[in-house]
Structure formats: C-alpha cells, structure tokens
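Give me a 3D structure for the following:
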Amino acid sequence: MQLYFLDSDGLSVPVRYYLHPQHKTQVALIGMLHVGEKNFYLQIDKILQDCEVVIYEEPFIRDSATMEQLDKAWRDKLEEKGNLNESFLAAIFLPMPPQKFMNDQGLVQETHHFDYTQKHWISGDGTWDGNAKENAALSEDVWTQIRDAIKTLPTTIKREKVKAAKKFLKNVDAGKASMQEYISFRNLHEEEIEEKIHKRTLVDPRDKLTFEIFDNIIETRAPLSIGIKYGNGHLPGMDAELQARDYRYIATMWLRVLTIK
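Below is the predicted model:
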C-alpha cells in the first residue's frame, strides 16, 4: 500500500474508500499527518461532515508546550528502560516540527482544526458506550519492545537519523530550514522505523482496539457511512482489518498536505 505520494510540488497522503457488499456501509479511511497546511485539514473536515460516524485518533497533542513535554516524557521513559542515546531518541520520536518552522512555512497543527466534541465523533483510543476497553494505556512490556526494536536498527540508520535531525533543527534556529528538507527528514528510512519500532509496538495494538469500537458501532448503529481519521502509519493495519470484515476497496483520493514552494 502506498502511504505517501511525493513529487516536485510536495507531499500527498491518501483517503481510501471501502464498501461492504451486504450492508452497504461505506468507509472513508483517512491517513493523517499531524502537521500540515490548513487547506488539507479543511478538505478532511468536509469529507467527515458527510459521515454518520467518525472514529478518530485521540488528539493528545494540543499545543507546542504539551507536545514538547509529551516528547520528553516518552524519551525519559525509554531512557529508564534502556539507557538509549538521547540524540537518537530525539530523531526517532520528534512528532512534529518546531513552532518557528511551522510559522515560517504557514503550517498548522491538526488538532486545532477539528471539533472533537461532536456527538457522532468517537475516540478510537478510549471507551465507547462502556462496550470498548476502558483503558487504552500501553502495557509496561511495550516499552521494553520499543527499546529492543530501536537497538535492532543498523548503526548507519541511527547515524543518519541523528545527523538529519541535528541539521534540520540547526537550520530552523537559523531561519534557513526548507520544506524540502523537512519532508526529506520526515521520510528518512521511514519504512524501517515504522516496521521495526512503531508497527508492532504502537500501531497494531491500537488498530485492534479501534476495530473493537468499529464493530460495536456497526452492530448497534448500522451507519451507512463511517470516517476513520488516524495517523498515516495506521493505514496498512486498518486496511487489513477492513478486508477481514469483507469490506471491498473502491478507490483512493490523494490530498496535498505539504507543498514545496
């Protein structure tokens, strides 16, 4: 499955559509980047307005200060588990570009452009009418898995990630960072990192929780349309969950999230 489309103009992500042949429920599976251009989020919001139910990834990061604290807490937790190099952890877990770069490039945060309080919007990370799991917190074993996965990455990948992170942050401070540089940094060895670290430890367990909620919605509400709005790395697992439930893939629409000026 292609998760990104990169050309000379910028970076695009997919909205994938599915249809169930029996009960005719349509699903819009939306791959998100948590920082992007305002118009990208306006287009997503317009798609979701046509959905009877929206299942969304919990918007943990509300502002830059919260983001920085959350990122530090993650890295501190990993340090406790494995005494891992701080600069490498920063390279792996930097969840969004610094505020200065966002302002310079006209970018915004995803969470500021959606109304998560709407009654038909359901968190895929938490409870739903008491029928889903009450606690989606990561188990203690997950931190050990992440630590072990990081240690399996080749030294060359670690070195390149750290080098790219330091260069990008240095250029941000100097006001010289470009969108092309950010996209390159963001996608550096993404396949290896997603597969070795995030997928097995963070993505797969949350996908299964989300589809417990999905199944409950289908059973109790029988909606004709559902929107699923999750980070782009969740799409392969969620595609598999949908196909296991006999949903048929129909089409993909690509939306530009970052533009190279």
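
what pairs with residue 256 across the strands?
residue 12 (DSSP bridges).

Report the secondary structure state of residue 116.
Three-state assignment for residue 116 (DSSP: H, G, I helix; E, B strand; the rest coil): coil.

Kindly tell me how buried it is, as a neighbour count.
12 (other C-beta atoms under 10 Å). For every residue, glycine as well, the C-beta is placed using N, CA and C.

Which stretches in the stretch 1-150 of the chain count as strands?
5-7, 10-19, 26-32, 35-37, 53-56, 107-109, 121-123 (DSSP state E, counting those that start in this stretch).

could you say what helices and strands the longest one packs with?
It stands for strand 10-19. Packing partners of strand 10-19 (3 or more C-beta pairs under 8 Å, 6 or more residues apart in numbering; DSSP states H and E): strand 5-7, strand 26-32, helix 179-187, helix 235-244, strand 248-259.

Need the residues that contact it.
2-6, 25-33, 44, 47, 179, 183, 232, 235, 239, 242, 247-260 (C-beta atoms under 8 Å, 6 or more residues apart in numbering).

cool, and the first one?
Here strand 5-7 makes contact (C-beta under 8 Å, 6+ apart) with 11-14, 183, 187, 254.

Lowest-confidence one in those residues?
Within the set of those, pLDDT is lowest for residue 187 (72).

which ones are touching it?
4, 6 are the contacts of residue 187 under C-beta under 8 Å, 6+ apart.

swap in residue 184?
residue 164.

Could you rerun that using 10 Å?
Residues near residue 184 by C-beta atoms under 10 Å, 6 or more residues apart in numbering: 6, 164, 168, 178.

quick one: which of those has the most company?
residue 168 (23 neighbours).

Quick check: which element contains that one?
Secondary structure assigned from DSSP states H and E places residue 168 in helix 155-173.

What count of nearby residues applies to the closest residue to residue 3 other than its chain neighbours?
Leaving aside its sequence neighbours, residue 3 sits nearest to residue 232 (C-beta to C-beta, 6 or more residues apart in numbering; 5.3 Å). Burial of residue 232 is recorded as 18 neighbouring residues (other C-beta under 10 Å).
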